[in-house]
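J.: Got a sequence here, can you build the structure:
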Amino acid sequence: MGSNDILIVDDEIGIRELLSEILQDEGYRVVVAENAAQARQQRNQGRPALVLLDIWMPDTDGVTLLKEWASNGQLTMPVVMMSGHATIDTAVEATRIGAFDFLEKPIGLQKLLATVKRALKHGEVQPKVAENTLSALGKSPQILILKKQLDQAQALSLPLLMTGEPGSGFLVCARYLSQPTAPFVAPDSQDALVESGADLVAKAAGGVLFLRDVGHYERRAQTALVGLLPKLEKFNVRLICATSRGLPELIDRFDPALFTFLSQLVVPLPALRDHRDDIPELAEHILASVVETNRTGPRRFTSAALNALRQHDWPGNHEQLHNIVKSLALTSNETDIDATPVQRVLAQFVPQRSSAALVAGPQFNFDQPLREARDEFERAYFEHHIGLEGGNMSRVADAVGLERTHLYRKLKQLGVQVIKRQRS
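T.: Next up, the predicted model:
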């Protein structure tokens, strides 16, 4: 579906055909769906310019579908509800959820065209991205538990420490806890905290200071953070930290007083493989977003492709899923993306050999010169860490103990390809 299309959702073929003919005669591009299932599929393929949505449908009623789009972040286009039997209460409820307008059947020609024109104009300035929602992480029981924990943390004024694997959705959760109109400051590195920590706190006044991975902070960054703690209360700043290292490691690395301060309130984030039933729908949403943003033309995953994505272990979690879906969308020459290209891209993110195999496995060539053997080991070593960190080169640099410039130079020398991650 293109971003200029009008989607008509109605179970009556006569209504679909009549509205399609009228709108096409006026120069609009139209796609149709006869039920909520088809409407979901169309929405997952891209954002329409407008949806004309019937309330009474046999599988799922229009108000329920509207609520679904609102809850999962897909209500980013104007929706006009249609019905010949709706009550005033139903129309009010639909408007409260986010419907742009309501048309009563039979729909008059002039009223239809006037409403469509107003809705399209409204859609041009409507925000395309839903903020402060956990929909990007899924809606499984594990995510509902996470939401409950974050909601409980929201009511407290304590600093929050989120734990989990790299790419588990730390930024999404931190933004969920922030007010849409309040400052949200997230320095890219620990160096920024060392060099201009006081300025960062001042910029975050009345809002959130989010530290991406305190588990990798060196001593000087820890010292800088300790010095900033009194300023947090002064500027009314909520400190939210994330770590991909376990709490026992933080106890060993951190000053005891700093660890005690940061760990007053701890919320663990589930790994993506622990709620893999979310993966197919998440992948379709990401694909729709990439298609809409990059105007690639329609793309959709086959059932086999979605199953392949679902069965992957995702060491890089949500960030890795986003990177792989984006790569598939931008490199595919077909509308349907099948399992074969999915498996080919997944293989690039998974280390092909373990460190034990490098030392003693049959794939390692002991007859080659030392320099070539060393390069082969280093290549596998860096590919392992890049896959483990989901392509996040800042964390890779911390994990392998190299400065980022030196790391990039080394990867170029070894011929290791790096797929830049999408920041969210």
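
J.: Kindly state the domain boundaries assigned to the protein.
T.: Using automatic domain parsing, the domain parsing of the chain gives 5-125, 135-268, 272-349, 355-414.

J.: export those domains to JSON lines and tack on mean neighbour count?
T.: Backbone N, C-alpha and C define where each C-beta goes, glycine included. Below are the domains of the chain laid out as JSON lines (neighbours: other CB atoms under 10 Å):
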{"stretch": "domain 5-125", "mean neighbour count": "18"}
{"stretch": "domain 135-268", "mean neighbour count": "17"}
{"stretch": "domain 272-349", "mean neighbour count": "18"}
{"stretch": "domain 355-414", "mean neighbour count": "15"}
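
J.: Return the member of those domains having the minimum mean pLDDT.
T.: Mean pLDDT is lowest for domain 355-414 out of the domains of the chain, coming in at a mean of 76.

J.: Angles on the backbone of L239, please.
T.: Per-residue torsions, L239: phi -90, psi 120 (degrees, to the nearest 10).

J.: Show me what it is bridged to.
T.: Under DSSP bridges, the beta-bridge partners of L239 are L209.

J.: Next, the contact list for it, please.
T.: Neighbour list for L239: P159, L160, V208, L209, L211, L232, L262 [criterion: CB atoms under 8 Å, 6 or more residues apart in numbering].

J.: so which pair among these is furthest apart in space?
T.: Pairwise distances across the contacts of L239 peak at 14.9 Å for V208 and L262 (criterion: CB to CB).

J.: Quick one: the strands in the protein, in order.
T.: For the chain, the strands defined by DSSP state E cover 5-9, 29-33, 50-54, 79-83, 101-104, 160-163, 184-185, 208-211, 238-243, 266-268, 300-301, 336-337.

J.: Please dump these into a markdown table; it should also carry distance to D191 for every row.
T.: Converted to a markdown table, the strands of the chain look like this (distance: least, CB to CB, whole Å):
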| stretch | distance to D191 |
| --- | --- |
| strand 5-9 | 46 |
| strand 29-33 | 49 |
| strand 50-54 | 47 |
| strand 79-83 | 46 |
| strand 101-104 | 51 |
| strand 160-163 | 21 |
| strand 184-185 | 15 |
| strand 208-211 | 12 |
| strand 238-243 | 17 |
| strand 266-268 | 26 |
| strand 300-301 | 40 |
| strand 336-337 | 39 |
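
J.: Of all the ones you listed, which one comes closest to T64?
T.: T64 sits nearest to strand 50-54 of all these, at 10.7 Å, using CB to CB.

J.: what's the angle between the closest one and strand 5-9?
T.: Put simply, strand 50-54 runs at 10 degrees to strand 5-9, going by axes from the mean of the first three to the mean of the last three CA atoms, to 10 degrees.

J.: Strand 50-54 pairs with which strands, parallel or anti?
T.: Using DSSP bridges, strand 50-54 pairs in its sheet with strand 5-9 (parallel), strand 79-83 (parallel).

J.: How about residues contacting the first one?
T.: Applying CB under 8 Å, 6+ apart, the external contacts of strand 5-9 come out as 1, 15-16, 19-20, 23, 28-36, 38-39, 42-43, 46, 48-54, 57, 62, 65, 116.

J.: how about the strands paired with strand 50-54 in JSON lines, adding distance to H312?
T.: Formatted as JSON lines, these follow (distance: least, CB to CB, whole Å):
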{"stretch": "strand 5-9", "distance to H312": "32"}
{"stretch": "strand 79-83", "distance to H312": "34"}
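
J.: among these, which is nearest A380?
T.: Ranking the strands paired with strand 50-54 by their distance to A380 (criterion: CB to CB) puts strand 5-9 first, at 46.9 Å.

J.: hang on, the earlier thing: could you export the contacts of L239 as TSV, including distance to T293?
T.: Formatted as TSV, the contacts of L239 follow (distance: CB to CB, whole Å):
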residue	distance to T293
P159	35
L160	31
V208	26
L209	29
L211	28
L232	36
L262	36
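
J.: Closest to V345 out of these?
T.: V345 lies nearest to L211 out of the contacts of L239, by CB to CB, at 31.6 Å.

J.: quick one, what contacts the closest residue to the closest one other than its chain neighbours?
T.: The shortest distance from L211 to any non-neighbouring residue, by CB to CB, 6 or more residues apart in numbering, is to C241 (4.6 Å). Each residue near C241 by CB under 8 Å, 6+ apart is listed here: P159, L160, L161, M162, F210, L211, V214, L262.

J.: Do I have it right that the second one meets L265?
T.: Yes: checked against CB atoms under 8 Å, the pair L160 and L265 is within contact range at 5.0 Å.

J.: Show me the common contact partners of those two, please.
T.: The contact sets of L160 and L265 overlap at A153 (CB under 8 Å, 6+ apart).

J.: Give me the residue at the spatial middle of this structure.
T.: Compute the mean C-alpha point of the chain, and by CA atoms, centre = their mean the closest residue is A136, 4.3 Å away.

J.: do you know how far the nearest residue to that one once chain neighbours are set aside is from L229?
T.: Nearest non-adjacent residue to A136, counting by CB to CB, 6+ apart: V172, 5.1 Å away. Per CB to CB, to the nearest Å, V172 is found 26 Å from L229.

J.: same deal with K139?
T.: In this structure, K139 and L229 are 36 Å apart, going by CB to CB.

J.: Same check on I143?
T.: Distance, I143 to L229, by CB to CB: 31 Å.

J.: try Y28
T.: With distances taken as CB to CB, Y28 is found 58 Å from L229.

J.: Could you do D338 as well?
T.: For D338 relative to L229 (CB to CB), the value is 53 Å.

J.: How about T331?
T.: As judged by CB to CB, T331 and L229 stand 47 Å apart.

J.: so who does M82 touch?
T.: The contact partners of M82, by CB under 8 Å, 6+ apart, come to D10, I15, L52, L53, D54, I55, G62, F102, L103, E104, K105, I107.

J.: Looking at the strands paired with strand 50-54, which is nearest to R344?
T.: Among the strands paired with strand 50-54, strand 5-9 comes nearest to R344, with 31.2 Å by CB to CB.

J.: could you point out the longest helix in the chain?
T.: The longest helix of the chain (DSSP state H) is helix 370-388.

J.: hey, C-alpha coordinates of that one in CSV?
T.: C-alpha atoms of helix 370-388 as CSV (Å, rounded to 0.1, in the frame of the first residue of the first chain):
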residue,chain,number,x,y,z
LEU,A,370,50.9,-17.4,11.3
ARG,A,371,49.8,-14.0,10.0
GLU,A,372,46.9,-15.4,8.0
ALA,A,373,45.9,-17.6,10.9
ARG,A,374,45.9,-14.6,13.2
ASP,A,375,43.8,-12.6,10.8
GLU,A,376,41.3,-15.5,10.5
PHE,A,377,41.0,-15.7,14.3
GLU,A,378,40.6,-11.9,14.7
ARG,A,379,38.0,-11.8,11.9
ALA,A,380,35.9,-14.5,13.6
TYR,A,381,36.4,-12.8,17.0
PHE,A,382,35.1,-9.4,15.8
GLU,A,383,32.2,-11.0,13.9
HIS,A,384,31.3,-12.8,17.0
HIS,A,385,31.1,-9.6,19.1
ILE,A,386,29.4,-7.6,16.4
GLY,A,387,26.7,-10.3,16.3
LEU,A,388,26.5,-10.5,20.0
